[in-house]
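Q: Sequence plus predicted model, see below.
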Amino acid sequence: MLRTRVITALVLVAGLAIVFFALPPPAPSVLFATIAALAGWEWAGLMRQDGPARVMYGGVLVLFCWQISANAAGLVPLLLGLSVAFWLLVVPLWLWRKWTLAGNDAFGYAMGALVILPTWAAMEALFASGVWFLLAAMALVWVADIAAYFAGRAFGRHKLAPTISPGKTWEGVAGAVAGVLAYGTVLIAATPLGARLSFSLPVLAALLLLLTAVSVMGDLFESLLKRQAGIKDSSGLLPGHGGVLDRIDALTSTLPLAALVLYLVRP
């Protein structure tokens, strides 16, 4: 399993590098739309829809992506703002009350669009600002995940959400915070991105803490949906990793916030 997981990760990283740095401009947009389509297909699976409904939902999301990109780009900041409000205000209550997608297809599809479309819009917006903005935001999530894993393994004693994701601990969250703060400090101080983002240290620390918090919520949110659907992975598309939603769960909450902040601070 570990070997399969590593091979899949290397293939994914190589694929991203090729799309971002070697292929012509339409390629990233095609990739982002494909991610949205596959995530939509998996989301409908979490709703226990049948095969045709899952394919149709993925196709509908791609159609929305195309229409927004071609005819309604001005809606992107609103889309990002709605996403941030959802993650900061609604998801904590959702996790507490353990709401479910079951029993109301219209609600489930609407929530899927609210999770997936802003993620697509954020990828487009961050990439348009510079590929390194997108990669830096994605790397923040990876740093948080890795730091949480090792801190949790070494020091984990107090469960974060035992009925949703028994393996996660508060010590792991503390490790994620420490890892992200260190990452952000290095990113701002030692890379060209620091010159393009003029944050004071208190503002930077607050932003990094907020990004870490929503990253954890994104992870917990998908874990809850999978537990309610009675499945371990959102699909088997990525050997050793599960599905697309399993790989972008924390990105769905983090990238829209990062893109909105960038939109607000850049002239």
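A: That came in fine, so what should we check first? Keep in mind that what you see is a predicted model, and the values were worked out from it rather than measured.
Q: residue boundaries of the helices in the stretch 151-267 of the chain?
A: Ranges of helices within the stretch 151-267 of the chain are 170-190, 192-196, 201-229, 244-265, based on DSSP state H, counting those that start in this stretch.
Q: Among those, which comes closest to residue 45?
A: Nearest to residue 45, of all the helices of the stretch 151-267 of the chain, is helix 201-229, at 7.5 Å by Cβ to Cβ. In this view, the C-beta of every residue, glycine as well, is placed from N, C-alpha and C.
Q: so where's the protein shaky on pLDDT?
A: Along the chain, the model assigns pLDDT under 70 to residues 1-2, 267.
Q: Determine the longest strand present in it.
A: The longest strand of the chain (DSSP state E) is strand 165-169.
Q: Quick check: residue 44 touching residue 53?
A: Yes. Counting by Cβ atoms under 8 Å, residue 44 touches residue 53, with 5.8 Å between them.
Q: Neighbour count: these two, which is higher?
A: residue 44 (26 against 16; other Cβ atoms under 10 Å).
Q: ok, the residue of the chain most remote from its centre to residue 171 distance?
A: If you look at how far each residue of the chain sits from its centre, by Cα atoms, centre = their mean, the farthest one is residue 157, at 26.6 Å. Residue 157 sits 6 Å away from residue 171, going by Cβ to Cβ, to the nearest Å.
Q: now residue 65
A: From residue 65 over to residue 171 (counting by Cβ to Cβ), the distance is 39 Å.
Q: Which one's more surrounded, these two?
A: With neighbours defined as other Cβ under 10 Å, residue 65 and residue 171 compare such that residue 65 has more, 23 against 19.
Q: Pull out the buried positions in the helix or strand where that one lies.
A: Secondary-structure element containing residue 65, defined by DSSP states H and E: helix 51-71. Within helix 51-71, the residues that count as buried by 16 or more other Cβ atoms under 10 Å are 53-54, 57-58, 60-62, 64-65, 68-69.
Q: Ok, stretch 18-26 next?
A: 19-20.
Q: swap in stretch 181-189?
A: Residues of stretch 181-189 classed as buried: 181, 183-184, 187-188 (neighbour count, 16+ other Cβ under 10 Å).
Q: Between the residues you listed, which sits nearest residue 8?
A: The closest of those, once distances to residue 8 are taken by Cβ to Cβ, is residue 183, at 23.7 Å.
Q: need the contact list for that closest one.
A: Residue 183 sits next to 139-140, 143 when contact means Cβ atoms under 8 Å, 6 or more residues apart in numbering.
Q: do residue 177 as well
A: By Cβ under 8 Å, 6+ apart, the contact list for residue 177 reads 209, 212.
Q: Check the gap between it and residue 138 for me.
A: 18 Å.
Q: for residue 122, same thing?
A: Counting by Cβ to Cβ - residue 122 and residue 138 are separated by 10 Å.
Q: overlap in contacts of those two?
A: residue 255.
Q: more crowded one of these two?
A: Neighbour totals were compared for residue 122 and residue 138, and residue 122 leads with 28 against 19 (other Cβ under 10 Å).
Q: and that one, what element?
A: Assigned by DSSP H and E, residue 122 falls in helix 105-129.
Q: relative to helix 51-71, how tilted is that helix?
A: Relative orientation of helix 105-129 and helix 51-71, computed by axes from the mean of the first three to the mean of the last three Cα atoms, to 10 degrees: 40 degrees.
Q: how distant is helix 105-129 from the center of its chain?
A: Centroid displacement of helix 105-129 relative to its chain, using Cα atoms, centre = their mean, to the nearest Å, is 10 Å.
Q: Same question for stretch 197-205.
A: With Cα atoms, centre = their mean, you get 23 Å for stretch 197-205.
Q: go on, stretch 148-158?
A: Centroid separation for stretch 148-158 versus its chain: 22 Å, with Cα atoms, centre = their mean.
Q: Could you do stretch 146-155 as well?
A: Centroid separation for stretch 146-155 versus its chain: 20 Å, with Cα atoms, centre = their mean.
Q: Residue 55: what's it in contact with?
A: Going by Cβ under 8 Å, 6+ apart, residue 55 touches residue 41.
Q: just residue 80 next, same as before
A: Residues near residue 80 by Cβ under 8 Å, 6+ apart: 118, 121-122, 125, 256-257, 259-260, 263.
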